[in-house]
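Chemist: Sequence and predicted structure below; questions after.
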Amino acid sequence: MEPNKLAGILSIILGLIFIVCPVLSTATLSIFIGLSLIFFGIALVVSGFTAFNIIIGILAIIVGLVFVFNIAALSFIFGIQFYVIGIILVLGGIVGLVSDSGISKIASVLIIILGIISFALGGFSIEQPLFAIILIGVALIIEGIGLYLIEV
């Protein structure tokens, strides 16, 4: 089986698991990200005793521990990410409307609308932590279908 088709099938399966079992998926993903950050922080601290490596390593370890012991931190980070993307899209759309760039006015309005939608998704993600995991599940399914249908 081609690698793209296999990756597509695995992505669809993982997306369905995220949608069907969002609580378990949130906990697993949060713990996995936390452990990754902890190991990354330890590797940074022991790789070189520069001030930068030690500071970033300690911060990575602290954030990793937060993810391992506080599952809600993951949805908070997703919410913040949606907020930042929303703000950037709205500002980019406004710049497209008022400038004489090559961006059409319709595209700029659509970018502003997408920014507002992204901002709303951030609010939903912070209010309801499982919302972010369900969005990830849907994204994985869409990506999996795309990977499966791609001809190499």
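Modeler: Noted; the coordinates are in hand.
Chemist: Can you pull the poorly scored residue ranges out of the protein?
Modeler: Applying pLDDT under 70 to the chain flags residues 101, 151-152.
Chemist: quick one, strands of it?
Modeler: Taking DSSP state E as the criterion, the chain carries no strands.
Chemist: now the most far-flung residue of it relative to its centre: how far from residue 108?
Modeler: Centroid-distance maximum for the chain: residue 100 at 32.8 Å, with C-alpha atoms, centre = their mean. The gap separating residue 100 from residue 108 is 12 Å, by C-beta to C-beta, to the nearest Å. All C-beta spots, glycine's among them, are computed from the backbone N, C-alpha and C.
Chemist: for this structure, what spans make up the helices?
Modeler: Applying DSSP state H to the chain gives helices spanning 3-20, 22-47, 51-69, 72-98, 105-127, 129-149.
Chemist: I'd like the ones you listed as TSV, with mean neighbour count appended.
Modeler: Shown next, in TSV, are the helices of the chain (neighbours: other C-beta atoms under 10 Å):
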stretch	mean neighbour count
helix 3-20	16
helix 22-47	16
helix 51-69	15
helix 72-98	17
helix 105-127	16
helix 129-149	18
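Chemist: My read is that residue 147 contacts residue 5, right?
Modeler: Yes. With contacts counted by C-beta atoms under 8 Å, residue 147 reaches residue 5, the gap being 7.3 Å.
Chemist: residues in contact with residue 52?
Modeler: Under the criterion of C-beta atoms under 8 Å, 6 or more residues apart in numbering, residue 52 has no neighbours.
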